[in-house]
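Peer 1: Kindly return the folded structure for what I paste below:
(one chain, ligands or ions: 4)
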Amino acid sequence: YQAKEGSGSVAAYDSTRDAASTDRLALLAELREALAADDQLVLVLQPAVDLATGAPTGVEALIRWRHPRRGWLSPHEFIRPVENSEQLGTFTRYVLDKALGLAAQWARDGLDLPISVNLSARSLLDPRLPAEIAEALRRHQVPARRLVLEITETVVMSELEVIDEVLGTLRTMGVQLAVDDFGTGFSSLTFLTRIAVDELKVDRSFVIRMADSPEAAAIVRTTVGLAQQLGLRVVAEGVETAEQRSALAELGCTAAQGYLFFKPMPADKIGAVLGGLVDQARPRIVPLRADG
Ligand code: C2E
Ligand code: MG
Ligand code: MG
Ligand code: MG
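Peer 2: Residues are numbered from 1 along each chain as shown. Ligands and ions are numbered 1, 2, ... in the order given. As a prediction, the model looks like this:
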């Protein structure tokens, strides 16, 4: 960086930085409004399916922000600033509350599927998290087993002691844990020796490259084998083609998620979609509905 450039370019550099941080602050102020107004942050839902039967095995909740001026925002456009702000706790509670509300609704409709919620690794540093989750489970009357928390291992390694305790308490409560984007973190394998988890999610980058990269295929095969040996479920992420689906089945992967099966959909669609699927896959357990 040239300190001795004309004052014009220095000013330009500074104003860009100012613009970026002003924008970040504006976004966080708007998030505060969105959380209070309770009508802008929306969960869309993407089922995972059993590769052998096509039956849904669970549903992942993915956040979207219907911003009054900026339009629909994806998590990539706002999660990072939220994670680095003091609003993370409020945001995390908001998402968990919405997700458990949906799970409770499905249970009333006769759909007993687990809901997976993505947690920012930083929210695991808050020792109050397990009690808050316990309270939300009670309030919505959702059994702990029906909640799966998806975590990525990368950041998690930095503060292992707090996180061990938080995750340990959650597991004791019966909440399930999944490692998201498995294989992309720095210490995936060490992580598994520290924290008992229930599920590994094979990152989409390996699924995409599986066909033409022997390395990617080997990583998928090894992850599936590791899950089998540890008695964990394994779910492949981002499956878009029939070729990927059959390659995964050949490698022994039992469940998958991706546009080939379902794109993320609004909450008011999922009942109809999954109701039909569950009825098809298990024709003898068609739920009896009081409102018939
Ligand atoms: P993730 O948990 O790994 O979620 C998978 C992402 O891949 C989602 O993007 C999903 O919409 C997308 N996806 C699913 N199937 C396919 C496919 O077949 N092809 C392609 N190209 N993409 C597919 P999304 O919804 O934009 O979420 C991105 C990331 O943001 C998530 O990655 C997760 O880490 C984070 N995230 C989402 N919702 C939340 C939330 O409520 N809280 C927190 N802390 N993070 C969230
Ligand atoms: Mg996820
Ligand atoms: Mg993922
Ligand atoms: Mg991902």
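Peer 1: Could you report the neighbour count for residue 39?
Peer 2: Residue 39 has 9 neighbouring residues, counting by other C-beta atoms under 10 Å. In this view, the C-beta of every residue, glycine as well, is placed from N, C-alpha and C.
Peer 1: State the distance from it to ligand 2.
Peer 2: Shown here: residue 39 relative to ligand 2, a distance of 24 Å by C-beta to the ion, to the nearest Å.
Peer 1: same check, this time on residue 180
Peer 2: In this view, residue 180 and ligand 2 are 4 Å apart by C-beta to the ion.
Peer 1: Is that residue in a helix, a strand, or coil?
Peer 2: The three-state label given to residue 180 by DSSP: H, G, I helix; E, B strand; the rest coil is strand.
Peer 1: What sits closest to it if chain neighbours are left out?
Peer 2: With C-beta to C-beta, 6 or more residues apart in numbering as the measure, residue 150 is the residue that lies nearest to residue 180, at 4.3 Å, once sequence neighbours are left out.
Peer 1: same deal with residue 226?
Peer 2: Distances taken as C-beta to C-beta, 6+ apart place residue 200 nearest to residue 226, at 7.3 Å, with adjacent residues excluded.
Peer 1: Assess the claim that the one you found and residue 182 are in contact.
Peer 2: Yes: A contact is recorded between residue 200 and residue 182 when judged using C-beta atoms under 8 Å, the distance being 4.5 Å.
Peer 1: Check the contact lists of these two and give me the overlap.
Peer 2: Overlap between the neighbourhoods of residue 200 and residue 182 consists of residue 223, taking contacts as C-beta atoms under 8 Å, 6 or more residues apart in numbering.
Peer 1: Comparing these two, which residue is more hemmed in?
Peer 2: Using other C-beta under 10 Å, the more surrounded residue of residue 200 and residue 182 is residue 182, with 27 against 24.
Peer 1: ok now do that one, which residues does it touch?
Peer 2: Contacts for residue 182 (C-beta under 8 Å, 6+ apart) come out as 153, 188, 200, 201, 202, 203, 223.
Peer 1: The stretch 151-292 of the chain: helices as residue ranges?
Peer 2: Counting by DSSP state H, counting those that start in this stretch, one finds helices in the stretch 151-292 of the chain at the ranges 153-156, 160-173, 188-194, 204-209, 214-230, 242-250, 267-281.
Peer 1: Quick check: buried residues in the helix or strand harbouring residue 58?
Peer 2: Here residue 58 sits within strand 56-67, counting by DSSP states H and E. Applying a neighbour-count criterion of 16 or more other C-beta atoms under 10 Å, one finds 56, 57, 58, 59, 60, 61, 62, 63, 64, 65, 67 buried in strand 56-67.
Peer 1: anything in it near ligand 2?
Peer 2: No: when contact is scored as C-beta under 5 Å from the ion, no part of strand 56-67 falls within range of ligand 2; the minimum is 5.6 Å.
Peer 1: wait, does that strand make contact with ligand 1?
Peer 2: Yes: judged by C-beta under 6 Å from any ligand atom, strand 56-67 comes into contact with ligand 1 through 62, 63.
Peer 1: Beyond that strand, next helix or strand please.
Peer 2: From strand 56-67 onward toward the C-terminus, using DSSP H and E, the following helix or strand is strand 71-73.
Peer 1: Tell me the strands beside that following strand, with direction?
Peer 2: Partners of strand 71-73 in the sheet, by DSSP bridges, are strand 56-67 (antiparallel).
Peer 1: Can you get me the centre-to-centre distance for the partner strand and its chain?
Peer 2: What separates the centre of strand 56-67 from the centre of its chain is 8 Å, taken as C-alpha atoms, centre = their mean, to the nearest Å.
Peer 1: That strand near ligand 3 anywhere?
Peer 2: No: using C-beta under 5 Å from the ion, strand 56-67 stays clear of ligand 3, coming no nearer than 8.7 Å.
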